Every structure is written in structure tokens, then in C-alpha cells.
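1. Pasted the sequence and its predicted model underneath.
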Amino acid sequence: MLNPGDEVSFSADHAVAGVRLDQVLSQRFTAYSRSYLSRAIERGAVRVDGVTAKASLKLKEGSVVCFTVPEPPRSGPEAEEMPLEFLFIDEVMAVVDKPPGMVVHPAKGNWKGTLAGGLKWHLERRASEVVDREGLSQAGGPTRPGIVHRLDRDTSGVIVVARNDVSHQKLAKQFEKRTVQKTYLAITQGQPEFDQDEIRLSIGSHPYQREKMAVRSGHSTSRDAVTRFEVLERFKGAALVKVLPKTGRTHQIRVHLAAIGCPVLADALYSGRSSIEPKFFGGPKNSPVILSRQALHAASITLNHPATGERVTFSSPLPSDIQGVLDGLRKYASVP
């Protein structure tokens, strides 16, 4: 058995020419399950001729395949007692107002303190005290109980949870068909040129920074991405923007707003600034930091209830840190 981080390379011979990459890996690395190898490919752990490859890639004779062994999958998060604010709970789904700084599901370096762990405590361990004895769906795999979609760690707001596999599949299909309407509020560093616009730029893995995504077309990791936005308020050097993503790529809103020269305020990855003090908008100097994460909030989500089919909307107010920046901008940096 290989160890996490080990790198194995081999050349595709005549016998595997024209065969899908995932099939070749399954034949060669029999100690690993197909699902484990598929997730490894999705995470960019496999390169062919130096390029991150898709599972469906058909190998050519002589191509060099390089496989970096990822961390083994965990059995799943442990139930953790933590405060969670539920916007809605019934027997098939729940909606949570996720706080900033919370990772949605376990991953390398983040096995504790996740939303998934908190959900297990509230909706499995204490299920009978909350609503009923339903728990969480397992359709997303053992490390993602109930998780249908994600929010970045430092993005706050509305997130939907499935309580059984049938509702999970119905909710996931709505995301896949793009019938779910998600509305975000963001404060940008700089002002968009237009009051309303649509950004259509493909997004893929960053060429040399693994934790980032980038506007990138023609690459194996690139996917079409569409984001609509509307400027709600303009300030000196900033704007309050309503954002409606039409696709759901990793870091999509953050990458797209940065691409038009207006990154999300205090976005450490894409704006070059990780915190905001009142002096940023002309407020008192030597005042403490009021925002220490990106000013991005999932304000509402509209979808069809997986049991009744009713169109429902769930909303979350701006959290205090983003609201504090907005109040400061209105007081010190308003535009006549």
C-alpha cells in the first residue's frame, strides 16, 4: 500500500491505449476502491503528460501518468456539540444559517468543528428532541452527511441540508438543473463599471497556487461559469453588490468579481487584503479590526421543497461584521 503524498508514474503501453484514465487506474491500483480513485482524479491528484486530467480521458500510447496518493477517506465526522442556527427543519430537510469561519464538511486539515459534525449532533444524536427521528442523508458519502451544496469556510449564510437520501437526490437534481436561485450580498473593493452585468468566464484550477481558482479556458479543469450581479449601493472605493450565480463553481463569485477588478472586500486569496479597519473607509484611526474575512454572505435561497414540491425561500440577514462595514461606508464614504 502506498502512503499519502507518494508519487507514482508510469507510461501507458499499447494495452491501455484508448482506455479511460479511471479504468486504467482501477486496474493498476487494485488496493484502492473505484470511488476513492475517482475522488483522487477530481481533486487533481492525477496528471497525464504534466496536465491535470479528467476521469474520462482516453490514454494514448506513451503518455506518462503521474498519480499523487491523496489522504485516505475518513469514515465520517463525529457528532460535535456546537451552536447552530436553524432557519427551517422538517422531516426531510433542514436549512442552516452558517456562521463565517466554519468548514462545511471534513477535509484534510479540517476534521473537527465542521458543520457536518454539528449537524450529526443536532439531527442524529438529538433528532428526537428536535423534530423526529430522521437523521441525515448519506448520499454524499460518509464525510458529507446531509451536505447537498457548500459554502466557503469564510462565507456566511443559508445552506440547505438533506435528511434522507430521497430528498438529497431531489435537491441535488435541482442544483444540477440550475433551478435553485441563490442570492448573495457582497461588498466589493472598488466599484463595478456597470450597475448590472453578467460575467461569463470559465474557471479552472490556478496554474501554480493549489488553494486558488482562476479564470482559465481550454484547460482540463476549466468549466463554464456564469455570474449575474446588480450594484445596490456605491461608495468611495467600494460597492454593495447583489450577486446571482447561475453556475456553482468553486470560488466562482470571488474569482469573477476579482476578474472585473472588484474583488470581494477582505478576501485574503483574491483581494490582497485580509481584514478591514474603520480607517479603510475614512473612519477613526487606530480602531480595532471590524472584518477579518471576505465580505460575502449567502443571503437567500429559493428552491422546490423535496417532499411537497412547493417553491420556498429561506433568508439570512447580514451578519454583524459585514453590517458594521456597510454602516461605516454609509457614514464616512457615501457618494453624493
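-> Great, that's in hand. Numbering: from 1, shown residues only.

2. Next SSE downstream of the helix or strand of the chain with the lowest mean pLDDT?
-> Of all helical and strand segments in the chain, the minimum by mean pLDDT, DSSP states H and E falls on helix 127-130, at a mean of 48. Going down the chain from helix 127-130, the next helix or strand is strand 156-162, by DSSP states H and E.

3. Next, the buried residues of that next one.
-> Ser156, Gly157, Val158, Ile159, Val160, Val161, Ala162 (16 or more other CB atoms under 10 Å). To be clear about C-beta, it is placed using only N, CA and C from the backbone, and glycine gets the same treatment.

4. Output those in CSV, with pLDDT and distance to Glu230 appended to each entry.
-> Listed next are those as CSV, based on pLDDT from 0 to 100; distance: CB to CB, whole Å:
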residue, pLDDT, distance to Glu230
Ser156, 98, 20
Gly157, 98, 18
Val158, 98, 19
Ile159, 98, 23
Val160, 98, 23
Val161, 96, 28
Ala162, 95, 30
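
5. Just send those back as TSV, with distance to Val148 too.
-> What follows is the buried residues of strand 156-162, written out as TSV (distance: CB to CB, whole Å):
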residue	distance to Val148
Ser156	18
Gly157	15
Val158	12
Ile159	8
Val160	6
Val161	7
Ala162	5
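
6. Kindly indicate which of those residues lies nearest Leu123.
-> Val161 (7.5 Å; CB to CB).

7. How much space separates that closest one from Thr308?
-> 17 Å (CB to CB, to the nearest Å).

8. repeat for Leu25
-> 43 Å.

9. which of the two has more neighbours?
-> Applying other CB atoms under 10 Å to Leu25 and Thr308 shows that Leu25 carries more neighbours, namely 21 against 10.

10. give the contact list for the more buried one.
-> By CB atoms under 8 Å, 6 or more residues apart in numbering, Leu25 lies in contact with Leu37, Ile41, Val46, Val65, Phe67.

11. ok, which stretches of the protein are helices?
-> 21-28, 34-42, 115-120, 127-130, 165-177, 252-259, 320-332 (DSSP state H).

12. The last one versus strand 156-162: what angle between them?
-> Here helix 320-332 runs at an angle of 150 degrees relative to strand 156-162 (axes from the mean of the first three to the mean of the last three CA atoms, to 10 degrees).

13. For helix 320-332, buried residues please.
-> Buried-residue list, helix 320-332, by 16+ other CB under 10 Å: Asp321, Ile322, Val325, Leu326, Gly328, Leu329, Tyr332.

14. The third one now?
-> The neighbour-count check on helix 115-120 (16+ other CB under 10 Å) flags Leu115, Ala116, Gly117, Gly118, Leu119, Lys120 as buried.

15. and the second one, what pLDDT?
-> If you check Ala116, the pLDDT there is 92.

16. Check the gap between it and Gly261 for me.
-> In this view, Ala116 and Gly261 are 36 Å apart by CB to CB.

17. Kindly report the same for the third one.
-> Separation of Gly117 from Gly261 (CB to CB): 38 Å.

18. And for the closest residue to His149 other than its chain neighbours, the neighbour number?
-> Leaving aside its chain neighbours, His149 sits nearest to Phe175 (5.8 Å; criterion: CB to CB, 6 or more residues apart in numbering). When counting by other CB under 10 Å, one arrives at 15 neighbours for Phe175.

19. Could you do Asp224 as well?
-> Asp224: 12 neighbours (other CB under 10 Å).

20. Next up, the contacts around it.
-> Asp224 makes contact with Arg200, Ser202, Thr247, according to CB under 8 Å, 6+ apart.

21. do the same with Thr188
-> Thr188 neighbours (CB under 8 Å, 6+ apart): Ala238, Ala239, Val241, Leu257, Cys262, Pro263, Val264, Leu265.

22. how about 10 Å then?
-> Shown in contact with Thr188 (CB atoms under 10 Å, 6 or more residues apart in numbering): 229, 231, 234-235, 237-241, 243, 257-258, 260-265, 267, 271, 295-296.
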